[in-house]
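K.L.:
here is my input, please return the structure:
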Amino acid sequence: MGFSIPRLYAIIDPARAGGRLPAVVARELVSAGVRLVQFRDKHASSRQLYETCVELKELLQDSGCRLIVNDRADVARAADADGVHLGQEDLPVERARCVLAPGQWIGCSTHSPGQVVEADRSSADYIAFGPVFPTTGKENPDPVVGLEGLRQARRLTAKPLVAIGGITLRNAQEVLAAGADSLAVIGDLLKAPDVQERAREFLSVLES
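P.N.:
Numbers count the residues shown, from 1 in each chain. Sure, this is the predicted structure:
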């Protein structure tokens, strides 16, 4: 289908970065070889979110690493990011398409087979599914879908499938084996004493 997604989908969330600035984390990720980063900040104002995304876009633009903005299609467009990631409470995919520039990606979070089917019928470029394992990445997480749920989701779509939720170095390979094309990781990256080294470890596991 002409669309491929990197194996590691790193998510930067200031609330989980241990006080490290988003730009500092982004530099460490890019230095490790990460090629896809999402910025997520549920507590920033629109202006703060925009300014941080502009900074990250400028930082990443010569590295070959794409920047995805969580939730906000308007900010993704204004900051000239590479795309937006939409949750179930955000703009519908086709309405977000109207906001974005041609060529900007749209990802869509799903948590059930029905939502996967709906996302598959949309123009979303990739589908995220989870949480695969218990996670502390959200204040009110959706029910855990497990590896069997991920296998079911894989059967429902030919679009790139991004697994999310509780993914660590220890379970990464079994998540890939269950059908994921890419692994979205927050905690096991951001909690590491050395983010760059942890990202390298993930890439080594995912690309072997």
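K.L.:
remind me which residues of this structure are low pLDDT?
P.N.:
1-2, 137-139 (pLDDT under 70).
K.L.:
which single helix of it contains the most residues?
P.N.:
Counting by DSSP state H, the longest helix found in the chain is helix 46-60.
K.L.:
okay, the angle between the helix or strand that that helix is followed by and helix 46-60?
P.N.:
Downstream of helix 46-60, the first helix or strand assigned by DSSP states H and E is strand 66-70. If you take axes from the mean of the first three to the mean of the last three CA atoms, to 10 degrees, strand 66-70 sits at 170 degrees to helix 46-60.
K.L.:
could you dump strand 66-70 to CSV, C-alpha only?
P.N.:
Taking Å, rounded to 0.1, in the frame of the first residue of the first chain, the C-alpha atoms of strand 66-70 are listed here in CSV:
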residue,chain,number,x,y,z
ARG,A,66,9.1,12.0,11.6
LEU,A,67,7.1,14.0,14.2
ILE,A,68,3.5,13.1,15.1
VAL,A,69,1.3,15.3,17.3
ASN,A,70,-1.1,13.6,19.7
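K.L.:
going by neighbour count, which residues of that strand are buried?
P.N.:
Of all the residues in strand 66-70, those buried under the rule 16 or more other CB atoms under 10 Å are Arg66, Leu67, Ile68, Val69, Asn70. Just so you know, the C-beta spots here come from the backbone N, C-alpha and C atoms, and that holds for glycine as well.
K.L.:
burial count for the residue nearest to the first one when sequence neighbours are not counted?
P.N.:
In space, not counting the residues next to it along the chain, Arg66 is nearest to Asp82; the distance is 3.9 Å by CB to CB, 6 or more residues apart in numbering. Residue neighbour count, defined by other CB atoms under 10 Å, stands at 20 for Asp82.
K.L.:
same deal with Arg155?
P.N.:
Neighbours of Arg155 (other CB under 10 Å): 10.
K.L.:
assumed it was part of a helix.
P.N.:
Yes. Membership of Arg155 in a helix is supported by DSSP: H, G, I helix; E, B strand; the rest coil.
K.L.:
contact partners for it?
P.N.:
Contacts for Arg155 (CB atoms under 8 Å, 6 or more residues apart in numbering) come out as Gly179.
K.L.:
could you count how many residues lie near Glu148?
P.N.:
Based on other CB under 10 Å, the number of other residues close to Glu148 is 9.
K.L.:
relative to the whole chain's centre, how far out is the strand or helix carrying it?
P.N.:
For Glu148, the enclosing helix or strand under DSSP H and E is helix 146-156. Offset of helix 146-156 from its chain centre (CA atoms, centre = their mean, to the nearest Å): 18 Å.
K.L.:
could you export it as PDB, CA atoms only?
P.N.:
C-alpha atoms of helix 146-156 as PDB (Å, rounded to 0.1, in the frame of the first residue of the first chain):
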ATOM      1  CA  GLY A 146      -3.800  -8.900  25.500                       C
ATOM      2  CA  LEU A 147      -1.800 -10.600  22.800                       C
ATOM      3  CA  GLU A 148      -4.800 -12.600  21.700                       C
ATOM      4  CA  GLY A 149      -6.700  -9.300  21.200                       C
ATOM      5  CA  LEU A 150      -3.700  -8.100  19.100                       C
ATOM      6  CA  ARG A 151      -3.800 -11.200  17.000                       C
ATOM      7  CA  GLN A 152      -7.500 -10.600  16.300                       C
ATOM      8  CA  ALA A 153      -6.900  -7.000  15.400                       C
ATOM      9  CA  ARG A 154      -4.200  -8.100  13.000                       C
ATOM     10  CA  ARG A 155      -6.700 -10.300  11.200                       C
ATOM     11  CA  LEU A 156      -9.100  -7.300  10.800                       C
END
